[in-house]
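Q: coordinates only, no sequence provided:
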């Protein structure tokens, strides 16, 4: 009885912000597939706090698969800056009459979108002179806490409870069935199915393609593994290079949507990946995921999930430099040995078995 009353009190407190009844909420996270996925942690918390409110989410087209079919939101507003009219989007958001807006992106465009809503409560991080767009400013802890907590800080700024800790990515049943059938028909070995993801938006975040090829051969030789070489738009040459450099045979899936990619990851026993959107997708759907890190900080951007882990070449002073292009030979990736990643994978799977 006490616990039930406590939850009811939390909801009553959250429904009214500053004495204002909240009937409609907008969340803005425009781009970067991994970042958009990490921001979905706010949606179950908002729905729990505002069970009767309308909750919309606006993002750009490349990330639309991340937020579509999210059960905690009412509408996924998808925008393409190159194709869609900015004035039309501004008008749509203004006429929606939102009571509460969270800008979790806080670049010039998202700040303008936030201000254009004229919402009574506009929450954001006042980066680089964007304080004018918000009337609730959130202190950024981006250099101190994981990205998921950075997003939840926006809710905490209004004393909204944040007990929910899961990311949200829903895969339609028919897409999951397709992925299961695809992998079943291409499974030729008795060992685990392991996805390798060599992608990365920054060149400095990419472990070498030849490293991935050598790792794949080791996984096959020692574990009789079935290897899937995952790829996104424009990355087919990379996985073809890996496959041609291997002594064993691997599977290269066809081009996929993000939902299909997530479904393939869900059918795998594990994923080994550079720091990238696909890494976060794999971890979010519960597949044990080993992230390979160097210029980014895994404590801030690492894979989320109880069975996921990360590895980097410790001892370098330049780790987590956040440079997109390295001027000293990308040694954090170049010198991270294949055997070190393989041993980290074995350790991750041993820890999973202990749970």
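A: Cool, got the structure. Only a predicted model underlies this, so the values are computations on that prediction, with no experimental measurement involved.
Q: backbone dihedrals for residue 26, both of them.
A: phi -120, psi 130 (degrees, to the nearest 10).
Q: for residue 244, same thing?
A: phi -70, psi -20.
Q: measure it to residue 225 for me?
A: Distance from residue 244 to residue 225, counting by Cβ to Cβ, to the nearest Å: 19 Å. All C-beta spots, glycine's among them, are computed from the backbone N, C-alpha and C.
Q: neighbour-wise, which of these two wins?
A: Neighbours around residue 244 and residue 225, counted as other Cβ atoms under 10 Å, are more numerous at residue 225. The numbers are 24 against 8.
Q: check contacts around that one.
A: Contacts here follow Cβ atoms under 8 Å, 6 or more residues apart in numbering; on that basis residue 225 touches 189, 191-194, 216, 219.
Q: ok, now how distant is the residue nearest to residue 347 when sequence neighbours are not counted from residue 147?
A: By the measure of Cβ to Cβ, 6 or more residues apart in numbering, the closest residue to residue 347 outside its immediate chain neighbours is residue 309, 7.2 Å from it. To residue 147, residue 309 is 17 Å away according to Cβ to Cβ.
Q: ok now do the closest residue to residue 147 other than its chain neighbours, which residues does it touch?
A: Sequence neighbours aside, residue 38 is the residue nearest to residue 147 in space, at 4.7 Å (criterion: Cβ to Cβ, 6+ apart). Residues in contact with residue 38, defined by Cβ under 8 Å, 6+ apart, are 147-148, 151, 167, 280, 304.
Q: count residues in the vicinity of residue 201, would you?
A: 15.
Q: please apply the same query to residue 144.
A: Neighbours around residue 144, by other Cβ under 10 Å: 10.
Q: isn't residue 101 up against residue 116?
A: No: Residue 101 is beyond contact range of residue 116, at 9.7 Å (criterion: Cβ atoms under 8 Å).
Q: looking at the two, which is more packed in?
A: The residue with more neighbours, out of residue 101 and residue 116, is residue 101; 31 against 18, by other Cβ under 10 Å.
Q: contacts for the helix or strand hosting that one, please.
A: Taking DSSP states H and E as the criterion, residue 101 maps to strand 100-103. With Cβ under 8 Å, 6+ apart as the test, strand 100-103 has contacts from 17, 22, 24-28, 42, 110-111, 113-114, 117, 119-125, 133-134, 154-155.
Q: 7 Å - rerun?
A: For strand 100-103, contacts defined as Cβ atoms under 7 Å, 6 or more residues apart in numbering pick out 17, 22, 25-28, 42, 110-111, 114, 117, 119, 121-124, 134, 154.
Q: which of those fall in strands?
A: 17, 25-28, 121-124 (DSSP state E).
Q: how about the residues you listed, which pair is most distant?
A: 17 and 28 (17.3 Å; Cβ to Cβ).
Q: out of these two, which sits in the more crowded spot?
A: Shown here are residue 17 and residue 28; by other Cβ under 10 Å, residue 28 has more neighbours (25 against 21).
Q: from residue 152, how far off is the residue nearest to residue 147?
A: 10 Å.
Q: show me what the biggest helix by length in the chain is packed up against.
A: Secondary structure of the chain per DSSP state H: the longest helix is helix 338-354. Using 3 or more Cβ pairs under 7 Å, 6 or more residues apart in numbering; DSSP states H and E as the contact test, the elements touching helix 338-354 are helix 209-223, strand 270-274, strand 289-292, strand 309-311.
Q: list of residues touching it?
A: 211, 214-215, 218, 270, 272, 288, 290, 292, 307, 309, 311.
Q: same check, this time on stretch 61-80
A: 31, 33, 36-37, 40, 43-44, 46-47, 54-60, 89, 168-170, 172, 257-259.
Q: from those, keep the buried residues only.
A: With burial judged by 16 or more other Cβ atoms under 10 Å, the buried subset of those is 31, 33, 36-37, 40, 43-44, 46-47, 54-60, 89, 168-170, 258-259.
Q: and residue 296, what does it touch?
A: Residue 296 touches 205, 275, 320, 322, counting by Cβ under 7 Å, 6+ apart.
Q: wait, I meant residue 273
A: So residue 273 contacts 197, 279, 282, 289, 291-292 (Cβ under 7 Å, 6+ apart).
Q: try 6 Å this time
A: Applying Cβ atoms under 6 Å, 6 or more residues apart in numbering to residue 273 gives the contacts 197, 279.
Q: now it: how far from residue 195?
A: Taken as Cβ to Cβ, the span from residue 273 to residue 195 is 8 Å.
Q: re the thing from before, now do the strand holding residue 101, average pLDDT.
A: Here strand 100-103 scores 98 as its mean pLDDT.
Q: in its sheet, which strands sit next to it, and in what direction?
A: strand 24-28 (parallel), strand 121-124 (parallel) (DSSP bridges).
Q: just those: most buried one?
A: strand 24-28 (a mean of 24; mean count of other Cβ atoms under 10 Å).
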